[in-house]
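> The following comprises the amino acid sequence and a computationally predicted model.
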Amino acid sequence: MPSHLHFGEDDFLRCRFAVSPLWETQEVARTLKRPDRQGYHAPWLRRIRTAAEALDLTGLWLLMPRPGHSPDWLCPPPVGPAAGFEEEIAAVRAADPQAALADTARSLADTPGALDSPQGRAWLADPERMIRELTDVLEEIWHTLLAPDWPRLRALLEADVAFHSRRLAEVGLGGVLPEINRLCGWRAGTLTIASNGEHERHLGGQGLVLMPSVFSWPDVVSGFDPPWQPTLVYPARGIGGLWTDATAHSPETLVRLLGRGRAAVLTALDDPATTSALAHRLGLAPSSVSAHLTVLRDSGLLVSRRYGHQVLYERTPLGVALASGGAG
């Protein structure tokens, strides 16, 4: 069944993008539980398999029914655009026990047998203990599995935010929401998400958090009940190239892959730039740079945007992944 998010006039002014390491941490646990989510992440999963098998995630998995409700208190929408994990997990540790109890009971009821399981009964009898145990598990997942790769993940997520923020400036919210994912549709102030489960909400002036995710693929997640700000989590662009072996993108192999000129142009685009600026930066003829830019854009590694009389080029998430490997 589809979900529907209804926008009022004030909601258009309160939409924002955010990146959440806590969300990715929770979704790593979900991905380990669900083989249908693992396709793009197979190289990474092979690398962390031994460390993942040493973690006890059985309790956390009780709160990840499919379909069904997952507790909002355990991973609330981030307050800022780029909160750190320590800031986010501190907020979870400070959750109100009674609110967490009701939220968790709802989730356990959606998982067959969970309410009557020893773990479920223990948590419902002592919500303060439940908060401690679950935040401890999330911290362990973060430090063991995710933190070492967070710079690479963050670069991809921030590239997605930059891309869609520019599209928002160009085509407006009603134009960018259907572009975010094929499951999203927009009509007459209502965002419709074709997803598992039904959710209906009038945003009521709170606006919407738009949050790209690496590990939520292929799902688009909408929800968060009051008092949390409504949130739309969608798969980030470029995850297909995320876990490509960095050694394949060393400077030498990047040159073999793209050619020396195109590799130089791609790695020089740390910030959006014009053809003439890149030519000056690289000491190449503008005509040569223009030809390289065209090939890179047609290959999905760059996008071009017109600003006044200038055309600026910037890397797509896939281009970011290649250039980051080449720089490392």
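In hand now; what should we look at? Quantities reported herein were computed from a predicted structural model and do not represent experimental measurements.
> the helices in the stretch 51-200 of the chain, which residues?
58-61, 85-93, 97-109, 118-125, 127-141, 150-171, 173-180 (DSSP state H, counting those that start in this stretch).
> Ok, which of the ones you listed comes nearest L258?
Smallest distance to L258 across these (C-beta to C-beta): 18.4 Å, for helix 150-171. Where C-beta positions appear, they are placed from N, C-alpha and C, glycine not excepted.
> for that closest one, packing partners?
strand 16-17, helix 21-33, helix 173-180, strand 209-213, strand 302-307, strand 310-315, helix 317-327 (3 or more C-beta pairs under 8 Å, 6 or more residues apart in numbering; DSSP states H and E).
> Run a quick check on L124 versus S107, I expect a contact.
No. Taking contacts as C-beta atoms under 8 Å, L124 lies outside contact range of S107: 11.2 Å.
> Which one of these two is surrounded by more residues?
Using other C-beta atoms under 10 Å as the criterion, L124 and S107 rank with S107 on top: 22 against 14.
> Distance of the more buried one relative to A114?
8 Å (C-beta to C-beta, to the nearest Å).
> Repeat that for L302.
48 Å.
> what's the answer for A159, then?
38 Å.
> same check, this time on F85
Distance from F85 to A114, by C-beta to C-beta: 27 Å.
> who has more neighbours, these two?
Between F85 and A114, counted using other C-beta under 10 Å, the more crowded position is A114 (22 against 19).
> Which residues lie in contact with that one in this structure?
L62, P65, S107, L108, G120 (C-beta atoms under 8 Å, 6 or more residues apart in numbering).
> Spatially, which two of those are the most separated?
P65 and G120 (12.1 Å).
> Looking at the two, which is more packed in?
G120 (22 against 16).
> so what pLDDT did the more buried one get?
Per-residue confidence (pLDDT) for G120: 93.
> Same question for the one 5 residues further on.
In the prediction, the pLDDT value recorded for A125 is 96.
> And V320, by the same measure?
pLDDT at V320 comes out at 78.
> list the contacts for it?
V320 neighbours (C-beta under 8 Å, 6+ apart): A155, L156, A159, G238.
> Check the gap between the second one and G240 for me.
For L156, the distance to G240 (C-beta to C-beta) stands at 11 Å.
> The first one too?
Relative to G240, A155 is positioned 15 Å away (criterion: C-beta to C-beta).
> how near is P2 to H199?
9 Å.
> ok, those two, which is more surrounded?
Regarding P2 and H199, a neighbour count based on other C-beta under 10 Å identifies H199 as having more, with 18 against 15.
> who's in contact with that one?
With C-beta under 8 Å, 6+ apart, H199 has these contacts: S3, H4, L5, S222, G223.
> Those: which two are farthest apart?
H4 and G223 (11.8 Å).
> the more surrounded of these two?
G223 (19 against 16).
> Provide a list of residues in contact with the more buried one.
S3, D72, H199, P230, T231.
> thinking again about what came up before, so can I have CSV of the helices of the stretch 51-200 of the chain showing distance to S287?
Converted to CSV, those look like this (distance: least, C-beta to C-beta, whole Å):
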stretch, distance to S287
helix 58-61, 57
helix 85-93, 47
helix 97-109, 60
helix 118-125, 67
helix 127-141, 51
helix 150-171, 27
helix 173-180, 32
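> can you tell me which of the ones you listed comes nearest to E314?
Across the helices of the stretch 51-200 of the chain, E314 has its closest neighbour in helix 150-171 (7.5 Å, C-beta to C-beta).
> which parts of that closest one are buried?
Of the residues in helix 150-171, 150, 152-153, 155-164, 166-168 count as buried by neighbour count, 16 or more other C-beta atoms under 10 Å.
> pLDDT score assigned to the nearest residue to L210 once chain neighbours are set aside?
If the residues on either side of it in the chain are set aside, L210 comes closest to F17, at 5.0 Å by C-beta to C-beta, 6 or more residues apart in numbering. F17 carries a pLDDT value of 93.
> Can you give me the neighbour number for F17?
18.
> now swap in G113 and tell me
Neighbourhood size, G113 [other C-beta under 10 Å]: 9.
> residues touching the residue nearest the centre of the chain, list them.
The centre of the chain sits closest to S213, judged by C-alpha atoms, centre = their mean, with a distance of 1.4 Å. Taking C-beta under 8 Å, 6+ apart, we find S213 in contact with W23, E24, E27, L157, V221, V233, Y234, P235, A236.
> who touches stretch 153-167?
17, 19, 21, 24, 81-82, 146, 175-176, 179-180, 210, 212-214, 236-239, 242, 303, 305, 314-317, 320-321, 324.
> Please apply the same query to stretch 294-301.
With C-beta under 8 Å, 6+ apart, stretch 294-301 has contacts from 258, 262, 265-266, 302-304, 313, 315-316, 318-319, 322.
> buried sites along stretch 79-96?
Using 16+ other C-beta under 10 Å as the test for burial, stretch 79-96 gives A83, F85, E88, I89, V92, A95.
> er, stretch 176-185 I mean
Within stretch 176-185, the residues scored as buried using 16+ other C-beta under 10 Å are V176, L177, P178, I180, N181, L183, C184.
> so what pLDDT did the fifth one get?
So that's N181. For N181, pLDDT reads 87.
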